[in-house]
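A.B. asks: how would this look folded up:
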Amino acid sequence: MMMKTIQEVLSSGTAYLESRGVEGARHSMQSLLVHVLGCNKTWLYLHYEDPLPEAKLAPLRELLKQRGQGVPLQHLLGSTEFYRREFRTDARALIPRPETEELVELALQMAPRRSGMRVLDMGCGSGIIGITLALELARQTPEVIMADISEAALSLTLENATALGARVKTYRSDLFSAWDSPAEGAVQPPEGRFDLVLANLPYVPEGEEVSAEVQHDPATALYGGPDGLDIVRRFLQDALPHLASRALVMLEVGHDQGAATRDIMTALGYTQCRVLTDMSGKARFPMGFAPLVLEEAPPADAAD
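C.D. replies: Coordinates of the predicted model:
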């Protein structure tokens with residue numbers, strides 16, 4: 001029996017994924033082949049006419065079946081590239097989206113560059129935002145704090161931070177609960193106000209249908225109340241006492257939630273609020289600066 005070539009397997013696998021409604025079917029099939037063969041895409045292109053042995057076809061068929069059922073490619077491969085680095089990805093946290101990489105790029109363009117600056121990644125998930133900031137801002141020796149309500153997500157963050165050599169601190173927290181109402185015996189985050197805060201919080205409205213692929217993300221990382229902005233509202237309100245004067249706050253929200261989030265920020269006293277667009281032109285990155293922090297006046301008899 002004649003073995004199929006890599007080209008034939010690529011074509012048939014792509015057709016199968018397309019028939020299952022998988023977006024980017026050819027990219028998925030190429031990635032699975034690269035994973036099973038332990039090669040890179042350049043090697044794959046140069047060896048299209050090579051036969052594919054049955055020993056490699058068996059695991060490929062199983063991965064192809066799972067991908068056709070909507071299992072995310074990142075879960076099957078066990079990692080994803082983000083800002084030129086490989087991050088481990090699995091069901092413990094939200095799969096990194098390409099738009100989030102754009103958020104980080106915008107933050108790095110706009111962020112203050114002060115030595116010892118304090119950075120917060122709220123709702124850190126797999127850790128891609130905070131770890132990337134820690135590494136890209138290494139010259140400023142930032143103190144990078146990463147918080148999430150999920151212990152499982154925090155364990156994934158620590159694995160990625162260790163693998164990439166990033167110096168970060170992680171805390172389990174329901175938004176700012178670890179600061180404002182710490183549980184008895186819990187390790188409290190260090191005191192001090194933040195200069196840069198990024199947050200990719202749950203923003204999918206309850207009841208909204210999501211794709212089969214997104215259904216593999218943890219529900220706690222997806223849904224944000226009736227209009228999707230319940231957690232965003234609470235975050236923006238609770239963040240204020242923890243922000244330094246003129247601290248930069250940036251979020252990622254749904255493609256139709258940018259203006260509403262900007263209005264929430266403005267109503268809470270954030271300044272120069274606006275919404276930045278992603279590369280597709282969708283206004284999904286609301287941002288603003290914290291109001292000035294007025295130091296508490298000394299008691300009237302302090303000078304006596």
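A.B. asks: Please count neighbours and contacts with C-alpha atoms only from this point.
C.D. replies: Fine.
A.B. asks: A helix includes residue 144, no?
C.D. replies: No - counting by DSSP: H, G, I helix; E, B strand; the rest coil, residue 144 is not part of a helix but strand.
A.B. asks: quick one: contacts for it?
C.D. replies: Residue 144 makes contact with 118, 119, 120, 121, 130, 134, 167, 168, 169 under the criterion C-alpha atoms under 8 Å, 6 or more residues apart in numbering.
A.B. asks: which one of the residues you listed sits closest to residue 82?
C.D. replies: Nearest to residue 82 among these is residue 130, at 11.9 Å by C-alpha to C-alpha.
A.B. asks: Give me the neighbour count for that closest one.
C.D. replies: 32 (other C-alpha atoms under 10 Å).
A.B. asks: Quick check: it touching residue 121?
C.D. replies: Yes - applying C-alpha atoms under 8 Å, one finds residue 130 in contact with residue 121, separated by 5.2 Å.
A.B. asks: intersection of neighbour lists for these two?
C.D. replies: Shared contacts of residue 130 and residue 121 (C-alpha under 8 Å, 6+ apart): 144, 145, 146.
A.B. asks: mind putting those residues in CSV, pLDDT and distance to residue 71 included?
C.D. replies: What follows is the shared contacts of residue 130 and residue 121, written out as CSV (pLDDT from 0 to 100; distance: C-alpha to C-alpha, whole Å):
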residue, pLDDT, distance to residue 71
144, 98, 32
145, 98, 31
146, 97, 27
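A.B. asks: Out of these, the closest to residue 38 would be?
C.D. replies: Minimum distance to residue 38 across the shared contacts of residue 130 and residue 121 is 33.4 Å, recorded for residue 146 (C-alpha to C-alpha).
A.B. asks: Please give me every residue in contact with that closest one.
C.D. replies: Neighbouring residues of residue 146 by C-alpha under 8 Å, 6+ apart: 120, 121, 122, 123, 124, 127, 130, 168, 169, 170, 171.
A.B. asks: Same question for residue 250.
C.D. replies: 103, 107, 197, 198, 199, 285, 286, 287, 288.
A.B. asks: Restricted to helices, list these.
C.D. replies: 103, 107 (DSSP state H).
A.B. asks: Using JSON lines, lay out the contacts of residue 250 together with pLDDT, neighbour count and distance to residue 50.
C.D. replies: Below are those laid out as JSON lines (pLDDT from 0 to 100; neighbours: other C-alpha atoms under 10 Å; distance: C-alpha to C-alpha, whole Å):
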{"residue": "103", "pLDDT": "96", "neighbour count": "24", "distance to residue 50": "41"}
{"residue": "107", "pLDDT": "96", "neighbour count": "20", "distance to residue 50": "45"}
{"residue": "197", "pLDDT": "98", "neighbour count": "25", "distance to residue 50": "50"}
{"residue": "198", "pLDDT": "98", "neighbour count": "24", "distance to residue 50": "47"}
{"residue": "199", "pLDDT": "96", "neighbour count": "23", "distance to residue 50": "47"}
{"residue": "285", "pLDDT": "97", "neighbour count": "27", "distance to residue 50": "46"}
{"residue": "286", "pLDDT": "97", "neighbour count": "24", "distance to residue 50": "50"}
{"residue": "287", "pLDDT": "97", "neighbour count": "26", "distance to residue 50": "51"}
{"residue": "288", "pLDDT": "97", "neighbour count": "21", "distance to residue 50": "55"}
